[in-house]
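Novice: predicted model and sequence below, questions to follow.
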Amino acid sequence: GDSVTQMEGPVTLSEEAFLTINCTYTATGYPSLFWYVQYPGEGLQLLLKATKADDKGSNKGFEATYRKETTSFHLEKGSVQVSDSAVYFCALRYMGNTPLVFGKGTRLSVIA
Amino acid sequence: DAGITQSPRHKVTETGTPVTLRCHQTENHRYMYWYRQDPGHGLRLIHYSYGVKDTDKGEVSDGYSVSRSKTEDFLLTLESATSSQTSVYFCAISESAGSNTDTQYFGPGTRLTVL
């Protein structure tokens, strides 16, 4: 079945450091790929998405490119802030009524 | 933000008692989902609904039932709560048509503790 694997955390970075959170997937079809973010005590928010190969999703300085050849969707940010501290989830889903398949999440802590 | 509320937001109960969690949406979206979040497991699908009175099981449905009598409400019931059902429960919704049918929007969550 479909699955998502993301790097285990926690990840601790200093403010203004470069961030990469790796995400790879296995899929039988051509899913859309997502990054969700969960701030402390809150629900999940959609951070960005990409719907087909070579698409780049971007939001709030975060980027991820849908790489079909490497089945990856790595999350990057050039300069993290303390306010980026959260848990990040990579996920895939097909159009229509199908469940989201989540990775286990990666906790990011950014220190000043 | 999508109009999704969950109630209660926090609940402590005892083993063997019934518990019902409510998800309410104001977006008129067709699809609704219940997930549970546990450390080391990410989010796992419990049940979902694809319309009024139309529901199906997810990955971890044992011990849970759901009902959807109105488009806007999706109820999750633990008939007899167990300690293994201590978790954070999230409701999500998604559209049935348009360019964003692949995107789910999440509620704020309900933290349930079963003693």
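Specialist: Done, it's in.

Novice: so what's the residue count around residue 38?
Specialist: I'll assume chain A. Residue A:38: 22 surrounding residues under other C-beta atoms under 10 Å in any protein chain shown. All C-beta atoms are positioned from the backbone trio N, CA, C, and that covers glycine.

Novice: that answer is for a different chain, and I need it for chain B
Specialist: Residue B:38: 14 neighbours (other C-beta under 10 Å).

Novice: check contacts around the closest residue to it other than its chain neighbours.
Specialist: Closest residue to residue B:38 apart from its sequence neighbours, by C-beta to C-beta, 6 or more residues apart in numbering or on different chains: residue B:87 at 5.4 Å. Residues in contact with residue B:87 (C-beta atoms under 8 Å, 6 or more residues apart in numbering or on different chains) are B:36, B:37, B:38, B:112.

Novice: please report phi then psi for residue B:87.
Specialist: Dihedral pair for residue B:87: phi -170, psi 180, per degrees, to the nearest 10.

Novice: per-residue confidence at residue 97?
Specialist: All of this is about chain A. At residue A:97, the pLDDT value in this model is 66.

Novice: look at chain B instead
Specialist: 63.

Novice: and the spatially closest residue to residue B:108 that is not a sequence neighbour, how many neighbours?
Specialist: Once flanking residues are discounted, residue B:108 sits nearest to residue A:43: 4.5 Å by C-beta to C-beta, 6+ apart. Residues near residue A:43, counting by other C-beta under 10 Å, number 20.

Novice: one more: residue B:95?
Specialist: 18.

Novice: contacting residues for it?
Specialist: Residue B:95 is in contact with B:27, B:29, B:30, B:31, B:101, B:103, counting by C-beta under 8 Å, 6+ apart.

Novice: output the residues you listed as JSON lines; include the columns neighbour count.
Specialist: Shown next, in JSON lines, are those (neighbours: other C-beta atoms under 10 Å in any protein chain shown):
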{"residue": "B:27", "neighbour count": "14"}
{"residue": "B:29", "neighbour count": "21"}
{"residue": "B:30", "neighbour count": "18"}
{"residue": "B:31", "neighbour count": "21"}
{"residue": "B:101", "neighbour count": "20"}
{"residue": "B:103", "neighbour count": "20"}
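
Novice: let's see which of those residues end up in strands.
Specialist: residue B:31 (DSSP state E).

Novice: for beta bridges, what are the partners of residue B:114?
Specialist: Residue B:114 has the following beta-bridge partners by DSSP bridges: residue B:13.

Novice: show the contacting residues for it.
Specialist: Taking C-beta under 8 Å, 6+ apart, we find residue B:114 in contact with B:13, B:14, B:15, B:19, B:81, B:82, B:83, B:84, B:85, B:86.

Novice: relative to residue A:67, how far out is the most centrally placed residue in chain B?
Specialist: Centroid-nearest residue in chain B, with C-alpha atoms, centre = their mean: residue B:34, separated by 2.6 Å. Residue B:34 sits 32 Å away from residue A:67, going by C-beta to C-beta, to the nearest Å.
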